[in-house]
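S.K.: sharing a model prediction with you, sequence too.
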Amino acid sequence: MNDPATIFVDSDVFVSILRKDDSSHQKAKKLYLQLEKLNVSFATSNYVFAEVTTVISQKISHHAAIEFISNMRSPDSIYHFIRITPEIEEMAIEIFKKQTSKNISFVDCTNMALVKHDNLDAIFSFDEIYKKNGYKLVNEL
């Protein structure tokens, strides 16, 4: 029996799915539905959770952010939370130091460190910085 592929879900995907006026909304929904049909499991981090909660509160509403929190923390949630440990944070700092673009966030670097540390299969994101750093995006599966 094959273990399911583990897909790390980045902030931009959560926001795209929740914001109907987001330019990637339809693309995110379509890819998400395709992934659901495959043998995959979804993971995200406490840093992504914090970032998404803030962005949703600012760009949609505080109520939507509270709903996101409830859904993500529900026992029925399909998302496995991985906490950023001091070891992963140190890896993220090293990744951040190597970046040449001023537009990469530290959260993106923690995502890359976590994916590498936990040997996850791909990142569900529309951010090309992951591909530039040698990480596989879900559209490459």
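M.R.: Right, received. Where do you want to start?

S.K.: distance from the helix-or-strand element of the chain with minimal mean pLDDT to the middle of the chain?
M.R.: Least confident helix or strand, the chain: helix 25-37 with a mean of 91, by mean pLDDT, DSSP states H and E. On the basis of CA atoms, centre = their mean, to the nearest Å, helix 25-37 sits 14 Å off its chain's mean C-alpha point.

S.K.: quick one: strands adjacent to the next helix or strand after that helix?
M.R.: Counting by DSSP states H and E, the element after helix 25-37 in chain order, helix or strand, is strand 40-45. Its sheet considered, strand 40-45 pairs with strand 5-9 (parallel), strand 79-82 (parallel) by DSSP bridges.

S.K.: redo the ones you listed as a markdown table? Include distance to residue 89 and mean pLDDT.
M.R.: All C-beta spots, glycine's among them, are computed from the backbone N, C-alpha and C. Compiled in a markdown table, the strands paired with strand 40-45 are given as follows (distance: least, CB to CB, whole Å; pLDDT from 0 to 100):
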| stretch | distance to residue 89 | mean pLDDT |
| --- | --- | --- |
| strand 5-9 | 16 | 95 |
| strand 79-82 | 13 | 95 |
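
S.K.: point out where this structure drops to low pLDDT.
M.R.: Within the chain, the stretches with pLDDT under 70 are 1-2, 140-141.

S.K.: how about 90 then?
M.R.: Within the chain, the stretches with pLDDT under 90 are 1-4, 22, 36-39, 101-103, 139-141.

S.K.: go ahead and flag the most central residue of it.
M.R.: In the chain, the centroid-proximal residue (CA atoms, centre = their mean) is residue 10; its distance is 1.6 Å.
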